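Trainee: The following comprises the amino acid sequence and a computationally predicted model.
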Amino acid sequence: MRHVIFLCVPLLLLGCNRDETEDITNATYGNISDYLSIDLNNLDNYSDYDYPVHIDQNIINAFDNTPVTNPVTDEGATLGRVLF
């Protein structure tokens with residue numbers, strides 16, 4: 001255990017460098033409303049997803065446990081992405 005400590009301490013100290021600083025005062029950011037606004041007329045397609053051709057749709061349907069009375073909707077999936 002002592003050998004591991006003696007090996008890790010020099011590696012840790014090599015990672016510390018006082019000469020390097022990063023100036024973030026002139027950082028530019030995009031318009032935040034572009035990221036926080038959702039176009040309700042043009043939602044992502046979650047309810048009728050097109051799987052790649054190499055994925056067998058029958059296997060996906062066999063393991064799909066979504067109740068018939070509670071289908072996935074684009075609005076519900078978007079709400080889930082916003083909340084979680």
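Mentor: That came in fine, so what should we check first?

Trainee: My guess is Pro71 contacts Asp48. True?
Mentor: No: using CB atoms under 8 Å as the test, Pro71 is too far from Asp48 to be in contact (10.3 Å). For glycine as for every other residue, the C-beta is placed from the backbone atoms N, C-alpha and C.

Trainee: Which residue ranges of this structure form helices?
Mentor: 2-15, 32-36, 57-63, 74-83 (DSSP state H).

Trainee: nearest to Glu22, of those helices?
Mentor: helix 2-15 (15.3 Å; CB to CB).

Trainee: Show me where the protein dips below the pLDDT cut-off.
Mentor: Counting by pLDDT under 70, the chain contains low-confidence residues at 17-18, 20.

Trainee: Repeat the analysis, applying 80 as the threshold.
Mentor: The chain contains residues with pLDDT under 80 at 1-2, 14-30, 32, 34-35.

Trainee: picking up where we left off before, output the helices of the chain in a markdown table; the columns should cover distance to Glu22 and mean neighbour count.
Mentor: Output for these, formatted as a markdown table (distance: least, CB to CB, whole Å; neighbours: other CB atoms under 10 Å):
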| stretch | distance to Glu22 | mean neighbour count |
| --- | --- | --- |
| helix 2-15 | 15 | 8 |
| helix 32-36 | 22 | 8 |
| helix 57-63 | 46 | 8 |
| helix 74-83 | 32 | 12 |
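
Trainee: Those helices into JSON lines, with extra columns for distance to Asp23?
Mentor: Listed next are those as JSON lines, based on distance: least, CB to CB, whole Å:
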{"stretch": "helix 2-15", "distance to Asp23": "21"}
{"stretch": "helix 32-36", "distance to Asp23": "22"}
{"stretch": "helix 57-63", "distance to Asp23": "50"}
{"stretch": "helix 74-83", "distance to Asp23": "34"}
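
Trainee: Right, I'll call it a day here.
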